[in-house]
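S.K.: Have a look; sequence and predicted model below, questions after that.
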Amino acid sequence: MRIGILGAGGMAEALGTQWAGAGHEVLVGARDRAKATALADRIGPRARAGGLREPAAYGDVVLLAVPYDAVAEVLDTAGDALRGRPLVDCVNGIVHPGVTLATGDGPSVAEGIAARSGARVVKAFNLCHVSVWRRTPPHFEGRPLAVPVCGDDPAALDLTRALVTAIGAEPLDAGGLHRARLLEATAALAVGLWFAGTDPRAMLPPLAYATG
C-alpha cells in the first residue's frame, strides 16, 4: 500500500515507521519540509518526503496526524488534492485544563475534516498515547490492542482496517462517521482518568456480563 502522511510529529513517526516496517511505501509531508525530510530519513528507505500537497495526492490512503489547531491550515494547503481521498484522522481536539472537547457541542473533528476537505474520512488511532503505537506489536496482557474505527465509506474503512492489522492490532467497527464524536469524547474521558492516575478499563465489565 502507498500511504501519504500529513504531519511530522510523534504520531506520524510511530505509525509511519510501523507501516514502512510492514512493507508499505510512505510519503511524509509537513508545513516545515525540513522536518518531513528528517522524519522520512528516520523511517527508512520505504519513506520519502514532500510538501503538503504531495502526500495528499499520493497512493491509496492519507493519514492526517497534526495538532488540532493546525488542521485547518494543513487542509487548506493540501487543497483539492484531498477531495474524494480516503483519509484517516487520528486528531484529538482536547482542551487543557479540564480535558474537554475543543469542538464543544459542534461537529466532531472528523466531521469537520470531511466537510472542509471533501475527503472520505475515517476516525481511528486517536485513543492511545504515541508510545503505544511504537510497540511492535501493540499487545497487552497477551491480547492485541483493539482500534475503534468510525466511517461511512466502505472502501476507506477497508483500507483503515488494513492499516490497523498491519501494526498487529485489531480493528473494531464503531459505526458511521457521526459516531466519531463519541470516539473523540471517549479519548477526552480516558485522558482525564489517566491524568488522575486511574485505569479507565476498571469501569467496564467483561463482555459476558455487559448486558445482564
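M.R.: Arrived safely.
S.K.: Just the buried residues of the lengthiest helix in the chain, please?
M.R.: For the chain, the helix that runs over the most residues, judged by DSSP state H, is helix 180-195. Across helix 180-195, burial judged by 16 or more other Cβ atoms under 10 Å covers Ala180, Arg181, Leu183, Glu184, Ala187, Ala188, Ala190, Val191, Gly192, Leu193. (C-beta placed from N, C-alpha, C; glycine too.)
S.K.: Counting by contacts, list what that helix packs against.
M.R.: The contact analysis (3 or more Cβ pairs under 8 Å, 6 or more residues apart in numbering; DSSP states H and E) places helix 180-195 against strand 94-95, strand 100-101, helix 109-117, strand 120-123, strand 146-151.
S.K.: now the longest one, how far from the chain's geometric center?
M.R.: What it means is helix 109-117. Chain-centre distance of helix 109-117: 14 Å, with Cα atoms, centre = their mean, to the nearest Å.
S.K.: can you check stretch 107-124 too?
M.R.: Taking mean C-alpha positions (Cα atoms, centre = their mean), stretch 107-124 and its chain are 12 Å apart.
S.K.: May I have it exported as PDB, CA atoms only?
M.R.: Extracted C-alpha coordinates of stretch 107-124, given in PDB (Å, rounded to 0.1, in the frame of the first residue of the first chain):
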ATOM      1  CA  PRO A 107     -19.500  18.600  14.900                       C
ATOM      2  CA  SER A 108     -16.600  16.200  15.700                       C
ATOM      3  CA  VAL A 109     -13.100  16.900  14.500                       C
ATOM      4  CA  ALA A 110     -13.500  14.100  11.900                       C
ATOM      5  CA  GLU A 111     -16.800  15.500  10.600                       C
ATOM      6  CA  GLY A 112     -15.200  19.000  10.300                       C
ATOM      7  CA  ILE A 113     -12.300  17.500   8.400                       C
ATOM      8  CA  ALA A 114     -14.700  15.700   6.000                       C
ATOM      9  CA  ALA A 115     -16.700  18.900   5.400                       C
ATOM     10  CA  ARG A 116     -13.600  21.100   4.900                       C
ATOM     11  CA  SER A 117     -11.600  18.700   2.600                       C
ATOM     12  CA  GLY A 118     -14.200  16.600   0.800                       C
ATOM     13  CA  ALA A 119     -12.200  13.500   1.800                       C
ATOM     14  CA  ARG A 120     -13.700  10.100   2.700                       C
ATOM     15  CA  VAL A 121     -12.800  10.300   6.400                       C
ATOM     16  CA  VAL A 122     -12.300   7.500   8.900                       C
ATOM     17  CA  LYS A 123     -11.600   8.200  12.600                       C
ATOM     18  CA  ALA A 124      -9.000   5.900  14.100                       C
END
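S.K.: Cool, thanks, signing off.
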